[in-house]
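Colleague: Could you work out the structure for the sequence below:
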Amino acid sequence: MSLPRFHRPPRRPHAWLWALLLSQLLVAALWWRFGWRLGLPVMIASHLPLWWGVLWPQSRLYGPVLTRLPVEDRRVWLTIDDGPSADTRAILDLLDAHGARATFFLVGDRARARPDDAREIVRRGHGIGNHSAGHPQAWFWALGPRTMAGEIERGQEALRAITGVKPHWFRAVVGMANPFVSAPLKRLGLARVAWSARGYDGVGASPERVVRRIAAQLSPGAIVLLHEGGAATRSVETIALLLDRMRAEGYRTVLPEQL
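Modeller: Reported below is the predicted structural model:
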């Protein structure tokens with residue numbers, strides 16, 4: 001399939017650096033002219049947008065990020081993070097039973113541990129995306145340029161080698177992308193994906209509560225964030241309930257490559 005027009009890898013991955021340098025030159029000038037009483041609060045204020053760019057998954061400060069699909073009918077993009085896992089086959093069976101398609105954002109090291117599951121996702125007609133090599137959940141947002149590039153590049157190579165498919169989509173771990181994400185995405189032709197509907201299924205919420213939260217956010221073109229595996233994630237039950245709820249409300253799934 002050809003890539004849709006809204007597949008947008010970063011074009012200027014270092015543009016943020018010029019904005020940072022100019023803002024800090026302004027801070028230095030104000031500090032020199034008026035002293036710390038003005039310089040310090042201006043310096044703190046100048047850093048707030050940079051932190052917003054890291055901590056807000058939908059922020060476009062450091063590069064393009066897709067948050068919904070450009071459709072007007074009741075079609076949504078199901079995305080499932082953190083696999084493959086012991087739940088992958090059961091999730092695939094559920095999707096098949098509902099005639100649904102999803103994109104699985106896979107972790108490279110977990111795909112190496114469960115290569116047959118990763119290949120089965122592709123064989124059954126679903127998409128795969130890059131979700132890093134090792135899923136460093138606590139520190140992904142703070143990785144330096146070399147480590148960040150290694151996480152993305154090793155994840156990409158693992159998935160390509162195992163499945164024979166080159167991913168075109170990337171999701172940051174926990175959704176947080178610092179300034180060093182954009183350069184490897186540009187080199188690899190990856191577009192970053194966030195979401196517009198989530199139910200916090202990875203933090204121990206009941207499947208019923210997760211589905212209620214997601215259903216309240218469903219709309220044409222919504223990108224739905226789900227997870228698989230993990231002690232707190234009852235992914236099979238949750239996805240079964242969500243697919244039933246979507247069918248009842250007239251929603252269908254679509255992959256972006258189909259648009």
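Colleague: Tell me where the model's unsure across the stretch 51-200 of the chain.
Modeller: Regions of the stretch 51-200 of the chain meeting the criterion pLDDT under 70 are absent.
Colleague: so where do the helices sit in it?
Modeller: 88-98, 108-113, 115-123, 145-163, 182-188 (DSSP state H, counting those that start in this stretch).
Colleague: Distance to Ala232 and mean neighbour count for those - can I get that in CSV?
Modeller: Bear in mind the C-beta positions are built from the backbone N, C-alpha and C, glycine included. Formatted as CSV, the helices of the stretch 51-200 of the chain follow (distance: least, Cβ to Cβ, whole Å; neighbours: other Cβ atoms under 10 Å):
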stretch, distance to Ala232, mean neighbour count
helix 88-98, 16, 18
helix 108-113, 17, 20
helix 115-123, 20, 18
helix 145-163, 23, 19
helix 182-188, 29, 20
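Colleague: Of those helices, which is nearest Phe170?
Modeller: Closest to Phe170 of the helices of the stretch 51-200 of the chain is helix 182-188 (Cβ to Cβ; 5.9 Å).
Colleague: re the thing from before, and the helices of the stretch 51-200 of the chain as JSON lines, adding distance to Met246?
Modeller: Formatted as JSON lines, the helices of the stretch 51-200 of the chain follow (distance: least, Cβ to Cβ, whole Å):
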{"stretch": "helix 88-98", "distance to Met246": "8"}
{"stretch": "helix 108-113", "distance to Met246": "27"}
{"stretch": "helix 115-123", "distance to Met246": "20"}
{"stretch": "helix 145-163", "distance to Met246": "27"}
{"stretch": "helix 182-188", "distance to Met246": "30"}
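Colleague: Quick one: closest of these to Ile214.
Modeller: Among those, if distance is taken as Cβ to Cβ, the winner is helix 88-98, at 15.2 Å.
Colleague: which strands and helices sit next to the closest one?
Modeller: For helix 88-98, the packing partners by 3 or more Cβ pairs under 8 Å, 6 or more residues apart in numbering; DSSP states H and E come out as helix 115-123, helix 235-248.
Colleague: can you give me the offset of that helix from its chain's centre?
Modeller: 21 Å (Cα atoms, centre = their mean, to the nearest Å).
Colleague: Contacts made by it with the rest, please.
Modeller: Contact partners of helix 88-98, identified using Cβ atoms under 8 Å, 6 or more residues apart in numbering, comprise 80, 100-102, 104, 114, 117, 120-121, 124, 126, 228, 235-236, 239-240, 243, 247.
Colleague: Ok, stretch 135-144 next?
Modeller: 54-55, 82, 107, 109-110, 132, 148, 151, 172-174, 176-178, 180.
Colleague: about what we covered before: so which of the helices of the stretch 51-200 of the chain gets nearest Arg37?
Modeller: Per Cβ to Cβ, nearest to Arg37 of the helices of the stretch 51-200 of the chain: helix 145-163, 35.1 Å.
Colleague: a markdown table for the helices and strands packed on helix 88-98, including distance to Pro41?
Modeller: Shown next, in a markdown table, are the helices and strands packed on helix 88-98 (distance: least, Cβ to Cβ, whole Å):
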| stretch | distance to Pro41 |
| --- | --- |
| helix 115-123 | 50 |
| helix 235-248 | 45 |
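Colleague: just so I know, which of the ones you listed lies nearest Arg12?
Modeller: helix 115-123 (32.4 Å).
Colleague: angle of the closest one against helix 88-98?
Modeller: With axes from the mean of the first three to the mean of the last three Cα atoms, to 10 degrees as the basis, helix 115-123 and helix 88-98 are set at 20 degrees to each other.
Colleague: Run through the neighbouring helices and strands of helix 115-123.
Modeller: So helix 115-123, by 3+ Cβ pairs under 8 Å, 6+ apart, packs with strand 75-83, helix 88-98, strand 102-106, strand 127-130, helix 145-163.
Colleague: TSV for these, including distance to Pro136?
Modeller: Below are the helices and strands packed on helix 115-123 laid out as TSV (distance: least, Cβ to Cβ, whole Å):
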stretch	distance to Pro136
strand 75-83	13
helix 88-98	22
strand 102-106	15
strand 127-130	14
helix 145-163	7
